[in-house]
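Asker: one predicted model, sequence on top.
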Amino acid sequence: MSAHTHAFQAEVAQLLHLVTHSLYSNRDIFLRELVSNASDACDKLRFEALADASLYEDQPNLEIRVTFDKAARTITISDNGIGMSEAEAIDHLGTIAKSGTREFLQRLSGDQKKDAQLIGQFGVGFYSGFIVADRIVVESRRAGLPPEQGVRWTSDGSGQFTTETITRAARGTSVILHLRDDASEYLSRWKLKSIIGKYSDHISLPILMPKEQWDKDKGEYVLLQEWEQVNAASALWTRAKKDITDEQYIEFYKNLAYDDEPPLAWAHHRVEGATEYTQLLYIPSKAPYDIWNRDKRGGVKLYVKRVFIMDDAEALLPVYLRWVKGVVDSADLPLNVSRELLQDSRDVRAIREGNTRRVLSMLEDLAAKDRKPEGEAWERLSDDEKKQAEADAGKYSRFWAEFGMVLKEGLGEDFANRERLARLLRFASTHSDAVSVSLADYKARMKEGQEAIYYLTAESQAAAKNSPQLEVFRKKGIEVLFMTDRVDEWMLQYLHDFDGTPLRSVAKGAVDLGKLQDEEEKKKTEQAAETLKPLLERLKEVLKDKAKDVRVSARLVDSPACLVVEDGEYSMQLARLLKAAGQKVPEVKPILELNPEHALVRKLDGHPHFDDLAHVLFDQALLAEGGLPEDPAGYVKRVSALLV
Ligand SMILES: Nc1ncnc2c1ncn2[C@@H]1O[C@H](COP(=O)(O)OP(=O)(O)OP(=O)(O)O)[C@@H](O)[C@H]1O
């Protein structure tokens, strides 16, 4: 039968180039990928056979076989799963269906170490065979097709591959790797078996390898015709917790998440009651490169009674927890459940709520252990407890740095858990450069008579720290939280109070420090407002296009002026963010507040360049606040005029 030559899709060729130039730091993973494909193929067969049992032909026992041939320098991974028709082989092994591929390729930086990590996250699946092979032959027959409609797919990993029709009695697929010269180490039963043990132990199908026996005459081990199962073959999550070691949990995670780093935490539970399911959920230690993509499907695999149903079942967790990885195995859902059905299922809703609660508990637990106990509390711990406390310390901070911004989305999305989510928030503040202050910490530090939790939104922590709006708070030692993430402004629309205490922006409305301001201070401000009335009126007139109002400030100590907006209005920062995102924003005219004590303000009255000075005051307040003067050239001109 004649062979046909096909070109790889451009992205595949590009990936192959990367793979063959061995960006992989860990070559062993090729076997994990190919075994995982074999297992997927068996899952697919089992799934299709639910509707048509004849697909099993005379082989109802699904299994994976791994063998090697020292003389021919080949490793063969075979499965009796769904198999591929010729058209499918051309399609599946010549293109990449995944939509993220192009974006992934664009992200590669050329820095080998970083790229290797990215590739690990992405997983190049079948093509990872070329890490160790310079030629791959795939022989396959799709379940349900006659033996004469088998296919042989061959490629040396350069730009093209060939296919030809073959006769193949066995259903399923064999992937034959012709090893590169530098990959001889894999021609060893021990080596292959140990890789399978490490990466594929949890695969729920038996993985078989031929037994080996010492041949005295030849002076070497030879393979027998007898097969032996080399993996535990019980899905990890179905085993009892006490029978699973931490290493096994971690290895399972690495497989599941394509992550080289161990997870920060995991939870494994069998949930009983109206809806029965097993959940094994992990909190990764690093955010994936596309964490911001809200369309990305969740990271939880769905099984029904141990039969794999689908990857990335987004209905099993709310969107703001899309970075959680894991497995849910339901005892109640029908096997033929589709994504659409999942959205409407009551059982799924119960599972989603249960998963959410579980993830939040894990986070609360990490948060509670983030700081090592000190003093007496530390001394009371046993040696083992100390070790554990040391291992746990800092984990929540790591989590927060990676995923905090995404967790904040939850405040707008998950009303039922808003209170719990609010407790998990962390901020930097006037009292802490580290992003580690919780709202509960803040409340515990509130001054006598303080009635609100104060915050400031800004472009960056540096900008926040130097903001004039903070001056009076600093003077009085009142803590102000810095909200410098883009989502903060959005989040604040849903977070009005915490534990009965309102949140208040220091850049909105008239500053009302309530009982924290003494009578004398209040009087002074009122008096200044009275005395400066004519000046304020004049400024209002000069700045009428820029400022909604000009008034005397109670917030300033060192700076001459600052800008604020009225309660309920978009903050200047939010208006800027929305504008940058191309959205229409209602015009926000700020209020200019003046420090009556400041020399510059005192100089204003009767100044020959009154108008220039007024505009400069306004523009400088805008700059200090993180904005830019509308007319930078005009600003420069005015400053120059004042300098000469
Ligand atoms: N052993 C096999 N039996 C049947 N089909 C296979 C087998 N190996 C690969 N395929 C087909 O080739 C496709 C591409 O495989 P590949 O490993 O590159 O990607 P994937 O399995 O979809 O994704 P990933 O491995 O990254 O999870 C698979 O989706 C599947 O359709």
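Answerer: Happy to help now that I have it.

Asker: quick one: residues contacting whichever residue of the chain sits closest to the ligand.
Answerer: Closest contact between the chain and the ligand, by C-beta to the nearest ligand atom, is at Gly125 (2.2 Å). In short, each C-beta sits where N, CA and C put it, glycine included. Contacts for Gly125 were tallied using C-beta atoms under 8 Å, 6 or more residues apart in numbering; they are Glu33, Ser36, Asn37.

Asker: contacts only, for the last one.
Answerer: This means Asn37. The neighbours of Asn37, taking C-beta under 8 Å, 6+ apart as the test, are Gly125, Phe126, Val175.

Asker: may I see the buried residues of the helix ranked longest in the chain?
Answerer: The residue-count maximum for a helix in the chain (DSSP state H) belongs to helix 346-368. If you call a residue buried by 16 or more other C-beta atoms under 10 Å, then helix 346-368 has these buried ones: 347-348, 350-356, 358-360, 362-363, 366-367.

Asker: average pLDDT for the helix or strand just after it?
Answerer: Reading on from helix 346-368 to the C-terminus, the next helix or strand found by DSSP states H and E is helix 375-379. For helix 375-379, the mean pLDDT works out to 92.

Asker: again, but for stretch 215-226
Answerer: Averaged across stretch 215-226, the pLDDT comes to 90.

Asker: likewise for stretch 190-198?
Answerer: 89.

Asker: do stretch 438-452 as well
Answerer: Per-residue pLDDT values over stretch 438-452 give a mean of 93.

Asker: what sits up against it?
Answerer: Taking contacts as C-beta under 8 Å, 6+ apart, the residues outside stretch 438-452 that touch it are 367, 422-426, 429, 431, 453, 476-479, 481, 498-499, 501-504, 513-516.

Asker: ok, and of these, which contact the ligand?
Answerer: Of the residues in those, proximity to the ligand by C-beta under 6 Å from any ligand atom holds for none.

Asker: please pick the buried ones from these.
Answerer: Taking 16+ other C-beta under 10 Å as the criterion, what is buried in the contacts of stretch 438-452 is 367, 422-426, 429, 453, 478-479, 481, 498, 503-504, 513, 516.

Asker: max pairwise distance over those residues: which two?
Answerer: Ala367 and Leu513 (30.4 Å; C-beta to C-beta).

Asker: who does Ile75 bridge with?
Answerer: Taking DSSP bridges, one obtains Phe68, Leu177 as the residues bridged to Ile75.

Asker: show me the contacts for it.
Answerer: Residues near Ile75 by C-beta under 8 Å, 6+ apart: Leu31, Val66, Thr67, Phe68, Val132, Ala133, Ile176, Leu177, Leu179, Tyr186, Leu187, Leu192.

Asker: report how many residues lie close to the first one.
Answerer: So that's Leu31. Counted by other C-beta atoms under 10 Å, the residues lying close to Leu31 total 25.

Asker: again with the fifth one
Answerer: For Val132, the count of nearby residues is 23 (other C-beta under 10 Å).

Asker: so it sits against Leu177, correct?
Answerer: Yes: the pair Val132 and Leu177 passes the contact test of C-beta atoms under 8 Å, sitting 6.3 Å apart.

Asker: anything in contact with each of those two?
Answerer: Between them, Val132 and Leu177 share the neighbouring residues Phe30, Ile75, with contact defined by C-beta under 8 Å, 6+ apart.

Asker: got the residues of this protein near the ligand?
Answerer: Taking C-beta under 6 Å from any ligand atom as the criterion, the neighbours of the ligand within the chain are 33, 37-38, 40-41, 79, 81-84, 92-93, 123, 125-127, 173.

Asker: any idea which helix or strand of this protein has the worst average confidence?
Answerer: Every helix and strand of the chain was ranked by mean pLDDT, DSSP states H and E. The lowest is helix 112-122, at a mean of 62.

Asker: helix or strand right after it?
Answerer: strand 133-141.

Asker: can I get the CA coordinates of that next one in PDB?
Answerer: Backbone C-alpha positions of strand 133-141 (Å, rounded to 0.1, in the frame of the first residue of the first chain) are rendered in PDB as follows:
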ATOM      1  CA  ALA A 133      13.000   9.300  19.600                       C
ATOM      2  CA  ASP A 134      14.300  10.400  16.200                       C
ATOM      3  CA  ARG A 135      11.500   8.400  14.500                       C
ATOM      4  CA  ILE A 136       8.100   7.500  15.800                       C
ATOM      5  CA  VAL A 137       5.800   4.900  14.100                       C
ATOM      6  CA  VAL A 138       2.200   4.700  15.200                       C
ATOM      7  CA  GLU A 139       0.100   1.800  14.200                       C
ATOM      8  CA  SER A 140      -3.600   1.900  15.000                       C
ATOM      9  CA  ARG A 141      -7.000   0.600  14.300                       C
END
